[in-house]
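Participant: got a predicted structure here, sequence first:
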Amino acid sequence: MDYHFEDYCVESIVLTKLPSVDFYGFKKTRHKVCKMKNKIIPYNPELKALARQLRKHSTLPEVLLWQHIKQRAYGVQFHRQVPMLNYIVDFYCHEIGLAIEIDGDSHEQRFMYDTKRQSELEAYDVTFLRFSNEEVKKNMFSVLLVIEETVGELLGKHP
């Protein structure tokens, strides 16, 4: 199996919100800057073109979720349709090793494939969150709460 693998870790900066300080009657929010190493997971280079196509042709639930998690909305950066090993995950944050998958109707018939894929990626310390299309479309608030809690927990593991 031929994987593309970067032999370096990319440093990223995470802003952590600290308690507000009263400064001449004004509340001032302070941030602590933490540097973390991004763990790069090897991937099959043939998947790059497919990932690009998937980004161009996202499903409605993917677009809806992306609107909420893009641009460091939770203090970490997510990427869409990321190649990892021989798979592509819907959303991935390199900084904390969090993958988010939105399972459509086709995933019901692909349970064994999804389980195998997830276990292979978890061997690289990737944490998975899975949501159905319906959860994203009809219960976005709960989906975002789960993501926020998980990001917070994972940031705690990566000081």
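Facilitator: Arrived safely, thanks for sending. Not measured: the values here are computed from a predicted model. Numbering: from 1, shown residues only.

Participant: quick one, helices of the chain?
Facilitator: Assigned by DSSP state H, the helices in the chain fall at 47-56, 60-69, 111-122, 133-138, 140-157.

Participant: going by mean pLDDT, which of the ones you listed comes out lowest?
Facilitator: Among the helices of the chain, helix 111-122 carries the lowest mean pLDDT, at a mean of 92.

Participant: that helix: which residues count as buried?
Facilitator: By neighbour count on 16 or more other CB atoms under 10 Å, the buried set for helix 111-122 is 114, 117, 118, 121. (Glycine included, C-beta is placed from N, CA and C.)

Participant: do stretch 41-51 as well
Facilitator: For stretch 41-51, the neighbour count (16+ other CB under 10 Å) marks 41, 42, 43, 44, 47, 51 as buried.

Participant: make CSV out of the buried residues of helix 111-122 and add distance to residue 65.
Facilitator: Output for those, formatted as CSV (distance: CB to CB, whole Å):
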residue, distance to residue 65
114, 18
117, 19
118, 18
121, 19
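
Participant: in this structure, which residue is most central in space?
Facilitator: In the chain, the residue lying closest to the centroid (CA atoms, centre = their mean) is residue 92, at 2.9 Å.

Participant: could you find the closest non-adjacent residue to residue 55?
Facilitator: Ranked by CB to CB, 6 or more residues apart in numbering and with sequence neighbours excluded, the top spatial neighbour of residue 55 is residue 81, at 4.7 Å.

Participant: brain fart, residue 69
Facilitator: residue 78 (4.9 Å).

Participant: the residue nearest to the centre of the chain bridge partners, please.
Facilitator: Assessed by DSSP bridges, residue 92 has beta-bridge partners residue 79, residue 99.

Participant: so who does it touch?
Facilitator: Residue 92 makes contact with 78, 79, 82, 84, 98, 99, 100, 126 under the criterion CB atoms under 8 Å, 6 or more residues apart in numbering.

Participant: give me that answer again for 6 Å
Facilitator: Listed by CB atoms under 6 Å, 6 or more residues apart in numbering, the contact set of residue 92 reads 79, 82, 99.
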